[in-house]
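> Give the three-dimensional model of this entry:
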Amino acid sequence: MSSEPSLIRRLMRTFRRSTMKAAVVSSFDCPPHYLDFPDPEAHKEDEVVVEVLAAGLHPRVRSQANGSHYTSTGVLPLVPGVDAVVRDPNGRILYTVMDDTRLGTMAERTVIELERSVVLPDDTDPVLIAAAMNPAMSSWAALRLRIDFGRQQRVLILGATGNAGRMAIQVAKRFGAAHVIAAGRDQARLGALRALGADEVCTFEQLAAAADVDVILDYVWGEPAVRTMVDILTARRDRSRPLTWIQIGSVAGPDAPIPSAALRSARLQIVGSGVGSVPGRDFVKEIPKIAAAVTEGAFDVRARAVSLAEVEPAWTDDTHSSDRIVLVP
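Numbers count the residues shown, from 1 in each chain. Predicted structure coming up:
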């Protein structure tokens, strides 16, 4: 009998602490599970608890959930998700970008910072915006914020058959690229990229023919990037002509052993574009422009809405569809 009051107190604390449903990462070796998770609370003046309407399942989110992203702290459990379309307590629809946090956007509710969020029109399609913003931002920020990208430049996109690569073709053209070359491994998908604005498509074995470009958007990195770099620099007709290599993604591996000759034998500049390389406030300034372009139909966006309850099968989906999965609570 002496333990009964203690049990009652524990039960009362449990009832007082409300919960929500979320995609919860309990192990970096397993996909997230649909579980109960403590309801979020706002602690800072600029924070607000919001209802999540749609959250994209991006490669960046996958690396967050398996602990491989360079921002990972290794602390579990966590709710993944780096951006979302949300509804605030006043009924406004916002797009928000999350700071590094263990409470991401793949949940019924989350906490956002208002200064990292932008109000969207009431008739916004949450799934469309959630699918498009992250992949569009990768190339948009690279060309707008990381370099001085001039019109009529020639652009090569490594890894163009992926969702972000497909978007990069369209973004480069929107910014005035004179010639866009899309490179990838999947011949069937390469063939469809001309409809998005690619002037040429090629495999990684054919990249020497694309040597005389001005900018390379690299979503691949790893050993393929090293081979590509050597092939392109060797084949350039004028090695004193500036070449800017923008490193964005690393689907082929996080490390690339660049030979020193590549940096000395040509006018090559390598820059990165991602979290940390651009201030958050600068990202936020570009969000309304991207959202407007998506809403007006400037980009071909392929999205597939999936219930948050189905997060585990969605995570392990190996159909290799080009649709961006968007989780909807």
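> center of the protein, which residue is that?
N134 (4.1 Å; CA atoms, centre = their mean).
> Could you list every helix and strand that the strand or helix carrying V127 packs against?
Using DSSP states H and E, V127 maps to helix 126-141. If you count contacts as 3 or more CB pairs under 8 Å, 6 or more residues apart in numbering; DSSP states H and E, helix 126-141 packs onto strand 47-56, strand 83-87, strand 93-97, helix 163-174, helix 280-295, strand 303-307, strand 324-328. Any C-beta I mention is one placed from the backbone N, CA and C, and that applies to glycine too.
> give me that answer again for 7 Å
Helices and strands touching helix 126-141, by 3 or more CB pairs under 7 Å, 6 or more residues apart in numbering; DSSP states H and E, are strand 47-56, strand 83-87, helix 163-174, helix 280-295, strand 303-307, strand 324-328.
> Report the buried residues of the first one.
Residues of strand 47-56 classed as buried: V48, V50, E51, V52, L53, A54, A55, G56 (neighbour count, 16 or more other CB atoms under 10 Å).
> picking that back up, want to try JSON lines for the helices and strands packed on helix 126-141, with distance to R62 as columns?
Shown next, in JSON lines, are these (distance: least, CB to CB, whole Å):
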{"stretch": "strand 47-56", "distance to R62": "11"}
{"stretch": "strand 83-87", "distance to R62": "14"}
{"stretch": "helix 163-174", "distance to R62": "12"}
{"stretch": "helix 280-295", "distance to R62": "20"}
{"stretch": "strand 303-307", "distance to R62": "15"}
{"stretch": "strand 324-328", "distance to R62": "11"}
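> hmm, who's touching stretch 218-227?
Outside stretch 218-227, the residues that touch it by CB atoms under 7 Å, 6 or more residues apart in numbering are 158-159, 162, 164-165, 204, 245-253, 255-258.
> Show me what counts as buried in it.
Buried residues in stretch 218-227 (16+ other CB under 10 Å): D218, Y219, V220, W221, G222, P224, A225, V226.
> Any idea how far apart the tips of that stretch sit?
13 Å (CA to CA, to the nearest Å).
> so how far is it from its chain's centroid?
18 Å (CA atoms, centre = their mean, to the nearest Å).
> related to what we said a few turns ago, how many neighbours does the spatially closest residue to the residue nearest to the centre of the chain that is not a sequence neighbour have?
Closest residue to N134 apart from its sequence neighbours, by CB to CB, 6 or more residues apart in numbering: H58 at 4.6 Å. Using other CB atoms under 10 Å, H58 is surrounded by 25 other residues.
> hmm, back to that, which of the contacts of stretch 218-227 are buried, as a ChimeraX select command?
In ChimeraX, a selection of the buried entries from those looks like this (16+ other CB under 10 Å):
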select :158,159,162,164,165,204,245,246,247,248,249,250,252,256
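> Restricted to strands, list the contacts of stretch 218-227.
Judged by DSSP state E, the contacts of stretch 218-227 include L158, W245, I246, Q247 as members of strands.
> Tabulate those in a markdown table, adding columns for pLDDT.
Shown next, in a markdown table, are those (pLDDT from 0 to 100):
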| residue | pLDDT |
| --- | --- |
| L158 | 97 |
| W245 | 98 |
| I246 | 98 |
| Q247 | 97 |
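> May I see the buried residues of stretch 141-161?
141-147, 149, 153-161.
> From the buried residues of stretch 218-227, which land in strands?
D218.
> From the buried residues of stretch 218-227, pick the one nearest K44.
Y219 (34.4 Å; CB to CB).
> Now do the phi/psi pair for the closest one.
The phi and psi values for Y219, taken as degrees, to the nearest 10, are phi -100, psi 10.
> where's it relative to L57, distance?
With distances taken as CB to CB, to the nearest Å, Y219 is found 17 Å from L57.
> Low-confidence ranges, the stretch 151-300 of the chain, go.
For the stretch 151-300 of the chain, no stretch has pLDDT under 70.
> Now do the helices in it.
163-174, 187-191, 222-235, 260-264, 280-295 (DSSP state H, counting those that start in this stretch).
> Save these as TSV, and put in distance to V82 too.
Below are those laid out as TSV (distance: least, CB to CB, whole Å):
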stretch	distance to V82
helix 163-174	13
helix 187-191	25
helix 222-235	22
helix 260-264	32
helix 280-295	11
